[in-house]
Every structure is written in structure tokens, then in C-alpha cells.
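> With the sequence up front, the predicted model follows.
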Number of protein chains: 2
Amino acid sequence: MSTHDEILRLGDDLMRMHGFNAFSYYHLADALKVRPAAVHYHFPTKDALALSIVNRSREAFHSFSERVLLEADLQIRLKSFVRIFAENADTGKICLMGAAGADFYSLSEDTRGAVRLFVLDIIAWLTDLLDEGRQCGDFTFDGLPRTRALLIATNLAASLHMARILGKKEFQSISGQLVKDICPSKKSTKRSSSKVRGK
Amino acid sequence: MSTHDEILRLGDDLMRMHGFNAFSYYHLADALKVRPAAVHYHFPTKDALALSIVNRSREAFHSFSERVLLEADLQIRLKSFVRIFAENADTGKICLMGAAGADFYSLSEDTRGAVRLFVLDIIAWLTDLLDEGRQCGDFTFDGLPRTRALLIATNLAASLHMARILGKKEFQSISGQLVKDICPSKKSTKRSSSKVRGK
DNA sequence: CAATATACTGACTACTTAGTAAGTAGTCAA
DNA sequence: TTGACTACTTACTAAGTAGTCAGTATATTG
């Protein structure tokens, strides 16, 4: 892998693990066994790097959304989406929505625009999935598909924070229930029987 | 207000607006018209400041939870909780769960512990509210009250990121539907009629 | 009134930060 | 083989960083 690509990969890792303001050109250079000026050669300013990191994630999501088209089952498509977050929960990273959202005011207008497009891509994809799924009976939910997409995306994004703060098992609770909520298969009645209710 | 308290208030603002690594002793001192050493006098290290900021938020939540006991209606109690987030959405701030979660690995073990207790307090309060509400028919939802509490907390936390990235109106969509989802009043059937379905 | 505590200031240190400028080794094409 | 291009290095700067230490003005208290 080229230095250029390694900087992007590591920059993405650091941004989502420690935050945009918590790593420096020196950190990147040191880990990649080059001099800080080499990082500046590929990404003149830190904001140029941030922009490239965001666009790289956006491209990665596009390739995910194409790859997932091979899977006909919409519930499995949703679970593939959830699995992306599960992998991040395992490694202690948060998603780019969460990271860029937290560091939003440290980013340039250009980079904020790229973040916006990235999130809009995700919400549009989820909206389409939910809309199609509700029409064919694979998903059950109230309200607009786009609103439901926002609810699911926010659940998953912040569940990575919860995984850090309270422990990884919390991710399983959240993502498990989130899927159950909209997948109608052998569902109990909505008002719980309260027999095995826990807290 | 004492310098001590003003540092805490401003520190909380900066932490939730820009992130823990995006402000310095100089920023605090400059805004409060004192010298940086004065900030060190009250909070010797930046981590001591972070810990105090978190504990202050925890105390603020305790006083919220006591204040809200005056309100008998559980749905209104929930809406009071949602309103805290709505105010943050307006000012562009994220909540401490989101901010501390993003900067988690910049914090000491002690401070992480305080964050954990803060989040556990919130989840416990929400869990009790939901549990009590389901028993008396004010709330309707599947699964454990604690899991539902995690879902609602993650929706609200990340909705503040969404408000930054996509615009404040997204917060209204998310929080509005979130409340509708668990408040049974004059609810449409769960499988949407698809008449006015939008995207 | 003297001793003590509080809440600072001024001056400083050691280090990190993003960013620049000039030079170099290797490749590749005309 | 020359001249341009790529991918760096070395050496640097100016600014910002957390944190220290020795003082000082002002209350407070025994």
C-alpha cells in the first residue's frame, strides 16, 4: 500500500479512535516510519487530510451499498449494515458520523460539506431499504421511512459511544432490539406481557 | 459567579461545543479575563478539570431528576428530558455522553469512571421512567425497559450530531418520532397505511 | 496585630503543533 | 542524457500547549 493510502487509513483510524484534534502529523509520520514533511507532501494541510478521510469513507460506503445489492433479503441487508458498526464496537472506534459530528466545528466548510454528503448517502440508502422493506412486508414501522432511517442511524452511531463508556455488550442490546423493532417475524404483542420483565 | 464556577461552566461549553482536545487553558483564561495560571490554580491539570466538568453535569442531572418528580405525568417527564437535548440542538452543542464518548481515550481512568457513572445515572432514570410508564399504560414498547432506555438515549445523543451535520430540523424529526413510538395515544396501526407515505 | 489562607499575576520552561523551504535520490520519457 | 516528475528528507519557524514557581494583594481569623 502506498504512503498516501496508508496515511488515509491511519488518519481515519486516529480520527475515529481519538478525534481529529488528538493526533498530529508527527503521530502519522512516526507510525508510518516517514518524516512529518512527507505527510505534508501528500496532504498539505490537516484540513485537506480531513477532507480526504471523509471522501474515502464515502467511497467505502458506496462500494458497500453496491456489494450489498447481491443480497436479495432486505433484513440481511440491514444486518450487514449493522455489522459495520459491530466491527467498530469491537475495536473501540466510533463511526465517522459520530467522530466528525463531535469535531464538526474544527473542520472547514468544505470538509463539513463532505461530511454532510456522506451522512446524506447513508440516510438515503437506509431510507430506500426501509421503504422497500415495508412495501414487501420485510419491515414494520410507523412514520416516514426517512425518519426511521434517522432513528436507526442515531441508534447505531451513539451505540458505539455506549460501547466505549458502558462496555461492548451494550452494543449488542441496542442493535439487537433495533433490528427486532422493525422485523415483524414472530413478534410478541407490543404491550409486553410483563412476565419476564427485567430492568 | 466565582472564577471556579465560571471555568467549569465555560469548560463544559467548550468541551461539548469543540471537544476536550480543542480548547486550552489559554482559551479559558482569555474568555474569563484572567491569566492561564489562575485556571491552573483552580484545576491543576486538564484532567482534573475534565473530571470536575463531568461531575458537575452529573450533579445537574440529579437536580433535574429531582425537579421532574414534581411532574406526575410520565409522558411529560419524558418530554422534559427530551427538552434538555432540544436546547443543545439549538445552540449547536452535543451532550456530554456524545462529547465524552468521542474523546473517551483522551480522558484518565478516573474521568472515564465518572463518565460511566453519569451515563449509568441517566440510563437508570430513563429505565425507571419507562418501566413505571409501561406498567401504568403511559408507554408502550417491546423488550426490557433498560434496552429501550439505551435506544432512546442513543437516539437523543446522536440526534445532536445530526442537528449539526444535517440541520436543526432533523432533531425535531428524530425526537418527535421517538416520543410517538412509545406513547400509545391515538396511534395508527403499526403497519402503515402507506397513503401519505413519503421518503 | 500578626499569621494564615485565598485567589490570583508575571515570568518561565519544556514540549508539541501545523506548516514551509530547500535539497535529494530515483524513475521515466523524449 | 537531459529534464521533468514523484516521493520523499533535513532543517527550520512561529505559535500554541500544559504545567511550574515565586511572588503579591486582599481578606479572614486567632
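Arrived safely.
> when you scan the single longest helix found in chain A, is anything in it near DNA strand C?
Identified as the longest helix of chain A according to DSSP state H is helix A:109-135. No. On the criterion CB under 7 Å from any atom of the strand, helix A:109-135 is out of touch with DNA strand C, staying 12.2 Å away. For glycine as for every other residue, the C-beta is placed from the backbone atoms N, C-alpha and C.
> Return the angle between stretch directions for the helix or strand just after that helix and helix A:109-135.
Next along the chain after helix A:109-135, taking DSSP states H and E as the criterion, comes helix A:145-165. Helix A:145-165 and helix A:109-135 are oriented at 110 degrees to each other (axes from the mean of the first three to the mean of the last three CA atoms, to 10 degrees).
> Which strands or helices does helix A:145-165 pack on?
Helices and strands touching helix A:145-165, by 3 or more CB pairs under 8 Å, 6 or more residues apart in numbering or on different chains; DSSP states H and E, are helix A:74-91, helix A:96-102, helix A:109-135, helix A:169-182, helix B:96-102, helix B:109-135, helix B:145-166, helix B:169-182.
> So what's the gap between that helix and the chain middle?
Per CA atoms, centre = their mean, to the nearest Å, the displacement of helix A:145-165 from the mean C-alpha position of its chain is 9 Å.
> same thing with stretch A:44-59?
16 Å.
> Could you tell me which residues within that stretch count as buried?
When neighbours are counted by 16 or more other CB atoms under 10 Å in any protein chain shown, the buried residues of stretch A:44-59 are found to be A:46-47, A:49-58.
> anything in the longest helix of chain A near chain B?
Yes. On the criterion CB under 8 Å from any CB of the partner chain, helix A:109-135 is in touch with chain B at A:112, A:115-116, A:119-120, A:123, A:127-128, A:131, A:134-135.
> where in chain A is pLDDT low?
A:186-199 (pLDDT under 70).
> and the angle from the longest helix of chain A to helix B:169-182?
Using the same axes, to 10 degrees: helix A:109-135 against helix B:169-182 is 30 degrees.
> Neighbours of the closest residue to residue A:64 other than its chain neighbours, how many?
In space, residue A:64 comes closest to residue A:84 once its chain neighbours are excluded; the distance is 7.1 Å by CB to CB, 6 or more residues apart in numbering or on different chains. With neighbours defined by other CB atoms under 10 Å in any protein chain shown, the count for residue A:84 comes to 13.
> Go ahead and confirm residue A:84 touches residue A:63.
No. When contacts are counted by CB atoms under 8 Å, residue A:84 is not listed as touching residue A:63 (12.0 Å).
> Point out the residues in chain A that sit beside DNA strand C.
Counting by CB under 7 Å from any atom of the strand, chain A sits next to DNA strand C at A:23-27, A:36-37, A:40, A:44-47.
> so can I have TSV of those residues showing distance to DNA strand D and secondary structure?
Listed next are those as TSV, based on distance: CB to the nearest atom of the strand, whole Å; DSSP: H, G, I helix; E, B strand; the rest coil:
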residue	distance to DNA strand D	secondary structure
A:23	14	coil
A:24	11	coil
A:25	10	helix
A:26	9	helix
A:27	14	helix
A:36	6	helix
A:37	3	helix
A:40	7	helix
A:44	11	coil
A:45	14	coil
A:46	13	helix
A:47	16	helix
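> Take the helices and strands packed on helix A:145-165 and lay them out in CSV including distance to residue B:71.
Shown next, in CSV, are these (distance: least, CB to CB, whole Å):
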stretch, distance to residue B:71
helix A:74-91, 35
helix A:96-102, 31
helix A:109-135, 34
helix A:169-182, 27
helix B:96-102, 23
helix B:109-135, 11
helix B:145-166, 18
helix B:169-182, 15
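> Throw those into TSV and include distance to DNA strand D, thanks.
Formatted as TSV, the helices and strands packed on helix A:145-165 follow (distance: least, CB to the nearest atom of the strand, whole Å):
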stretch	distance to DNA strand D
helix A:74-91	26
helix A:96-102	17
helix A:109-135	19
helix A:169-182	30
helix B:96-102	15
helix B:109-135	12
helix B:145-166	21
helix B:169-182	30
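> ok, and the closest non-adjacent residue to residue A:103?
residue A:20 (4.1 Å).
> residue contacts, residue A:65?
A:121, A:125 (CB atoms under 8 Å, 6 or more residues apart in numbering or on different chains).
> OK, contacts around the residue nearest the centre of chain A?
Nearest to the geometric centre of chain A sits residue A:95, at 4.0 Å (CA atoms, centre = their mean). Applying CB under 8 Å, 6+ apart, we find residue A:95 in contact with A:16, A:84-85, A:88, A:156-157, A:160.
> Likewise for residue A:117?
Neighbouring residues of residue A:117 by CB under 8 Å, 6+ apart: residue A:58.
> which residue does chain A bring closest to DNA strand C?
residue A:24 (2.8 Å; CB to the nearest atom of the strand).
> Tell me how many other residues crowd that residue.
13.
> same question, the one 3 residues further on
A count of nearby residues for residue A:27, using other CB under 10 Å, gives 16.
> That one touches residue A:14, doesn't it?
Yes. Under the criterion of CB under 8 Å, residue A:27 makes contact with residue A:14 at 6.6 Å.
> And for residue A:31, the neighbour number?
By other CB under 10 Å, the burial measure for residue A:31, its neighbour count, is 14.
> neighbouring contacts of the helix or strand harbouring it?
Using DSSP H and E, the element containing residue A:31 is helix A:25-32. Helix A:25-32 has contacts (CB under 8 Å, 6+ apart) with A:3, A:6-7, A:10-11, A:14, A:35-36, A:38-40, A:46.
> Now the buried members of these.
Buried among these by 16+ other CB under 10 Å: A:3, A:6-7, A:10-11, A:14, A:38-39, A:46.
> Can you tell me which of the residues you listed comes closest to chain B?
residue A:14 (10.4 Å; CB to the nearest CB).
> How about the contacts made by the closest one?
A:22-23, A:27-28.
> which one of those is nearest residue A:139?
Set against residue A:139, the nearest of those by CB to CB is residue A:22 (38.3 Å).
> Many thanks, have a good one.
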